[in-house]
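> quick one: sequence and predicted model below, then my questions.
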Amino acid sequence: MELLILGTSSTKPTKKRSHSAYLLSYKNEGILFDCGEGTQRQLITAGIKANKITRIMLSHWHGDHILGLPGLLQTLAVNEYTKSLHIYGPPGSEKRYKKMLEVFESSHKIEAKIHDVNEEKFFETNDFYIESYPLVHRINCIGFRLVEKDKRQINMDKLKKLGLEEGPIIGKIQEGEIINFKGHRIKPENVSKLIKGRIFSYIADTRPNKNCIKIAENADVLLCESTYSSKDKDKAVKYKHLTAQEAAQIASQANAKKLILTHYSARYPDEHELEKDARNIFDNTFAAKDFAKYKI
């Protein structure tokens, strides 16, 4: 599981910061969180093919989070994208998406399924599930929580000693079942160990609220907006954003392992000012830069 940072700016892009976009790669999934202006060019610069994207998660419909979507969809169509593209966003996303298609005429079109989501587990595979929770911004905005399911790692040497080397029984043990085999009662905990699943959390534009803690709870990596320094908290309150210190407080209260800051105001040319601000509260904080990669 790897996170690629494609953009770290907020309202306005800068010479070194593109708008919000983050690609999470996991097995055969390429999940894009937000799609700000310039996203597809950032993908090209990073050497990532747009067709790698399997799902798009939109936190909200402010321009700095979605203006890259029309161009990306056109590129996917030109590339003869064959996957079933699913786009998830806050309530009203399906209606806004249809209006967007009316505005951006294109001779190359792609079929996409739009899902309005709110506070729910809205997508699940055998390996992971994704939840969303409402945030507190100037328009409908949601945060996302991707939870990898716990898995049992089988000790094959122990099974071989019991005469079991392959077959569907091993799958049942992995699922936690107690198995009777050739006179042996095999408990999963005796021939395997439980590997805890990883958690990736993304908090987009918001003021602090209880759902921030739910999203970030026990996260291995919390990617969190930190538009302002604590010295500019009045602006954070006015425009309904977080300061770096507030992001750090959320990480600390939620028992997150690592905090990655993003979505910086252009007033801070050096993002380390925000990192330093957050580290006063949560030491394992990193200020993301465009094209940075993080293992989860």
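Arrived safely, thanks for sending.
> so what touches the host helix or strand of Gly71?
Using DSSP states H and E, Gly71 sits within helix 69-78. The set of residues that contact helix 69-78 without belonging to it, under CB atoms under 8 Å, 6 or more residues apart in numbering, is 35, 39-40, 50-51, 53, 56, 58, 85, 100, 104, 106, 108-110, 112. For the C-beta atoms, the positions are set from N, CA and C on the backbone; glycine is no exception.
> mind checking how far that helix is from the chain centre?
The offset between the C-alpha centroid of helix 69-78 and the centroid of the whole chain comes to 21 Å, using CA atoms, centre = their mean, to the nearest Å.
> do the same with stretch 223-232
Counting by CA atoms, centre = their mean, stretch 223-232 is centred 19 Å from the centre of its parent chain.
> state the mean pLDDT of it.
When the per-residue pLDDT values of stretch 223-232 are averaged, the result is 98.
> gap between the two ends of it?
Taking CA to CA, to the nearest Å, the span from the opening residue of stretch 223-232 to its closing residue is 21 Å.
> in that stretch, what counts as buried?
Buried residues in stretch 223-232, counting neighbours by 16 or more other CB atoms under 10 Å, are found at 223-230, 232.
> neighbours of Gly183, just the number please.
Here the number of neighbours of Gly183 (other CB atoms under 10 Å) works out to 7.
> any of the contacts of helix 69-78 buried? List them.
Taking 16+ other CB under 10 Å as the criterion, what is buried in the contacts of helix 69-78 is 35, 39-40, 50, 53, 56, 58, 85, 100, 110, 112.
> residues contacting the residue of the chain most remote from its centre?
What lies farthest from the middle of the chain is Gly183; by CA atoms, centre = their mean that is 46.8 Å. The contact partners of Gly183, by CB under 8 Å, 6+ apart, come to none.
> tell me the pLDDT of it.
Taken from the predicted model, the pLDDT recorded for Gly183 is 79.
> now it: how far from Ser192?
Counting by CB to CB, to the nearest Å, the gap from Gly183 to Ser192 is 20 Å.
> repeat for Lys276
Shown here: Lys276 relative to Ser192, a distance of 44 Å by CB to CB.
> of these two, who's got more company?
Between Lys276 and Ser192, Ser192 has the larger neighbour count (other CB under 10 Å), namely 21 against 14.
> where does the spatially closest residue to that one that is not a sequence neighbour sit: helix, strand or coil?
Beyond its immediate neighbours in the sequence, the residue positioned closest to Ser192 (CB to CB, 6 or more residues apart in numbering) is Arg152, lying 4.2 Å away. Following DSSP: H, G, I helix; E, B strand; the rest coil, we place Arg152 in the strand state.
> ok, Gly30 next?
strand.
> wait, it touches Leu23, no?
Yes: with contact taken as CB atoms under 8 Å, Gly30 and Leu23 are classed as touching, separated by 6.2 Å.
> and for the two, which residues touch both?
Each of 52-53 lies in contact with both Gly30 and Leu23 under the rule CB under 8 Å, 6+ apart.
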